[in-house]
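Visitor: The amino acid sequence is not available; the structure is as follows:
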């Protein structure tokens, strides 16, 4: 477990370093797509450490195989497509997709890191504090608002907009 | 309108729009208003535009649209497509089928929007993490990710909108480093359905999840919402999250993380 965590950390720092490198050498907007690609690719080369993620992969394969064997797809024309291994900041991800009649009928995860709960990490957020129902949002001294997705069209009427304007 | 805190460090804010959503950034610290800050902000926005080009279901030429029409294979798509589909499948399994990206879409195809947003913002925050001695809070239409490096700095105070009265707050969550995502129906109408029934979930007005990263906070908020009356109970099974469920009848429940007692 420790090994996996360390491996993930080293991957992250590799990505971060790459970002730092690209930001300092090339300009911002026009080359901004480059760091993403190279970031992923760097994970790929670091993927030679696949042995390190061996046990993590085991979990993913377990469920993936299960789904795969249950593929009683009625259509004969079903074709299976296996995606390339995508190296994410949590580890390698690989999916297989069944396509029948031009639409996707099944997605199976062949490989996924057990990285969705980083229990080792120290909680650095606190419990929500319920607000007295008479408190208006404007007087609550907040930095950001979380709520139903605000569209660009509705933004100007939103509380977030008021916050942003106060700090612009 | 006194939203700024007099005692807090000054905060520089940035706003832009992508994917039909406002993106708000707050920076405080060494690089809050210099070339490095503006460069990181531009990179964050560029990352979101990239994601939009690949994943937008509104763009017929996006990879996700072409994949849904069977015109390209996953292999021919950028690796991020496989990553997101993997996340989506994991979300489907872990939500007991309530969250399914293959449910929606005009041709019964594929709409991974429910997974893409949190994941994309988490990615977009990467260039901000490079800014030394700088704290940030990045929000995309109400789902956000925060970082605080300075141990003496205050936590970011995140107001949780009351789904029954949008000018009021249900709660405030102090977040130093972490993510907050809220799913609710109030602004865009019924865009969340329980994939098991195809119906809009009943009984729940909004679900807020606080967690380590926005990818999973966002997925969990949507999945919990999709489970309707079961939202709180399901959320309690997720490790390392806190949250708030506001019910349709106005009741509010707060969820403590499993590791920290009640």
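Guide: Yep, that arrived. Quick caveat: nothing in here was measured; it's all calculated off a predicted structure. Numbering: from 1, shown residues only, chains lettered A, B, ... in the order given.
Visitor: Low-confidence ranges, the chain, go.
Guide: Using chain A here. A:1-76, A:88-91, A:102-104, A:112-126, A:132-139, A:167-168 (pLDDT under 70).
Visitor: Hmm, no, I was thinking of chain B.
Guide: Where chain B drops to pLDDT under 70, the residues are B:1-9, B:103-109, B:186-191, B:257-262.
Visitor: What is the longest strand of it by residue count?
Guide: Longest strand in chain B, counting residues (DSSP state E): strand B:165-175.
Visitor: close to chain A, is that one?
Guide: Yes - interface with chain A: strand B:165-175 contributes B:166, B:167, B:168, B:169, B:170, B:171, B:172, B:173, B:174, B:175 (C-beta under 8 Å from any C-beta of the partner chain). For glycine as for every other residue, the C-beta is placed from the backbone atoms N, C-alpha and C.
Visitor: what's the spacing between stretch B:207-225 and its chain's center?
Guide: What separates the centre of stretch B:207-225 from the centre of its chain is 7 Å, taken as C-alpha atoms, centre = their mean, to the nearest Å.
Visitor: Likewise for stretch B:240-251?
Guide: On the basis of C-alpha atoms, centre = their mean, stretch B:240-251 sits 16 Å off its chain's mean C-alpha point.
Visitor: in that stretch, what's buried?
Guide: Residues of stretch B:240-251 classed as buried by neighbour count (16 or more other C-beta atoms under 10 Å in any protein chain shown): B:240, B:241, B:242, B:243, B:244, B:245, B:246, B:247, B:248.
Visitor: In TSV: those residues, plus distance to residue B:36 and secondary structure.
Guide: Listed next are the buried residues of stretch B:240-251 as TSV, based on distance: C-beta to C-beta, whole Å; DSSP: H, G, I helix; E, B strand; the rest coil:
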residue	distance to residue B:36	secondary structure
B:240	32	coil
B:241	33	coil
B:242	33	strand
B:243	34	strand
B:244	35	strand
B:245	40	strand
B:246	39	strand
B:247	45	strand
B:248	46	coil
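Visitor: Return only those of those found close to chain A.
Guide: B:240, B:242, B:243, B:244.
Visitor: So of the residues you listed, which two are at opposite extremes in space?
Guide: Largest separation among those by C-beta to C-beta: B:240 and B:244, giving 15.9 Å.
Visitor: which residues in chain B form strands?
Guide: B:12-18, B:21-29, B:134-140, B:143-147, B:156-162, B:165-175, B:178-184, B:204-211, B:242-247, B:252-255.
Visitor: what's in contact with the shortest one?
Guide: By C-beta atoms under 8 Å, 6 or more residues apart in numbering or on different chains, the surrounding residues in contact with strand B:252-255 are A:127-128, A:130, B:170-171, B:232, B:235-236, B:241-247.
Visitor: Tell me the strands beside it, with direction?
Guide: Using DSSP bridges, the strands paired with strand B:252-255 in its sheet are strand B:242-247 (antiparallel).
Visitor: Now do the contacts for residue B:246.
Guide: By C-beta under 8 Å, 6+ apart, the contact list for residue B:246 reads B:162, B:163, B:164, B:170, B:184, B:204, B:205, B:206, B:207, B:252.
Visitor: I'd say residue B:49 and residue B:18 touch.
Guide: Yes - with contacts counted by C-beta atoms under 8 Å, residue B:49 reaches residue B:18, the gap being 5.7 Å.
Visitor: With that, I have no additional questions.
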